[in-house]
Structures are given as structure tokens and as C-alpha cells.
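J.: please work out how this folds:
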Amino acid sequence: MIMMCVMMCVLVYAGIAAGQDNLQKYFSDTACKVKATADPSQKRAILTERLENMSKALDKVESLPLISKDDRAGIDCYRAILQERRSELAGTGGYARVSDQQLNAFSDYVVQDMEQAAQTVTISLVALLLIIIIIILIV
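T.: Okay, here's the model as predicted:
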């Protein structure tokens, strides 16, 4: 019985780590696409689309009845971070617009910011998997 509990804990932890890795991969892929693109307007469009897709996925997951209060709080934290990045990119909400020359660096900043958020924001395995599934469906 104790062995089964230990195995369950290990598997849940591994699942959460894999889910966070997938979210980080999503933003890492975004940074790679931005850097591979020469046109600043296309770079900005890629970043805008990816941030919006993540926000849409968070909205859809949060609206599901099976999501706990703790998960909703975690999703709200992610949403706030994403909204700040969207505001920086567009130059709204009191932020200066990210210059065309800084778009590559900004994409790296978003990756690092989301990696740090993944370490501090707690979301259950179920919520992480749902976010990943919805992102895959959106893209």
C-alpha cells in the first residue's frame, strides 16, 4: 500500500513536470519562429498570436467545471503574466511598445518569464494537460 502511494506521487510529479515542459516548449518554439523570421511585423504577429492562443486556452480550461479553485488561481496568475507581455508587445496599459529591434530579445524574455512562472505558479496535472490539449487544437 505504501509503495503504491509512493508510485502515485512520483507519477503525478512526473506528469506535472512533463506538462510544464510542454508549456515551456510552446514558448521556446515561439522564440525560435520569431528569430527565424526577418520581417519585424511578422515577428510581432507570431508573438501576438502565440500569446493570444495561450490566453484562449487558459480561458477555456478555466471555464470547465472540473477545475478547482486552486487551479483557477494558478490560471489567473498565468493570465496576468500573459496580459503583461501582450501589453508590452503592443505598447498598451502604460507599457512602452517593444521596438522592432528588440523582438528577438523579447521572445527570449517571454520564455524565461514563463519558465519562472512555472516554478512559482501551481496548476494541477489535469489543468496542465487540458491547457496543452487546447493549445494543440487551436494551433
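J.: isn't Asp113 right next to Leu82, touching?
T.: No: applying Cβ atoms under 8 Å as the test, Asp113 and Leu82 come out as separate, 9.4 Å apart. (Each C-beta comes from the backbone N, C-alpha and C, glycine too.)
J.: between those two, tell me which one has more neighbours.
T.: Set Asp113 next to Leu82 and count neighbours by other Cβ atoms under 10 Å: Leu82 wins out with 20 against 15.
J.: which secondary structure elements does whichever strand or helix holds the more buried one sit against?
T.: Using DSSP states H and E, Leu82 sits in helix 69-90. Under the contact definition 3 or more Cβ pairs under 8 Å, 6 or more residues apart in numbering; DSSP states H and E, helix 69-90 sits against helix 40-62, helix 103-120, helix 125-138.
J.: by contact count, what packs against the first one?
T.: Looking back up the chat, that one is helix 40-62. Using 3+ Cβ pairs under 8 Å, 6+ apart, helix 40-62 is in contact with helix 2-36, helix 69-90, helix 103-120, helix 125-138.
J.: if we use 6 Å, what do you get?
T.: If you count contacts as 3 or more Cβ pairs under 6 Å, 6 or more residues apart in numbering; DSSP states H and E, helix 40-62 packs onto helix 2-36, helix 69-90, helix 125-138.
J.: quick one: mean pLDDT over it.
T.: Mean pLDDT, helix 40-62: 92.
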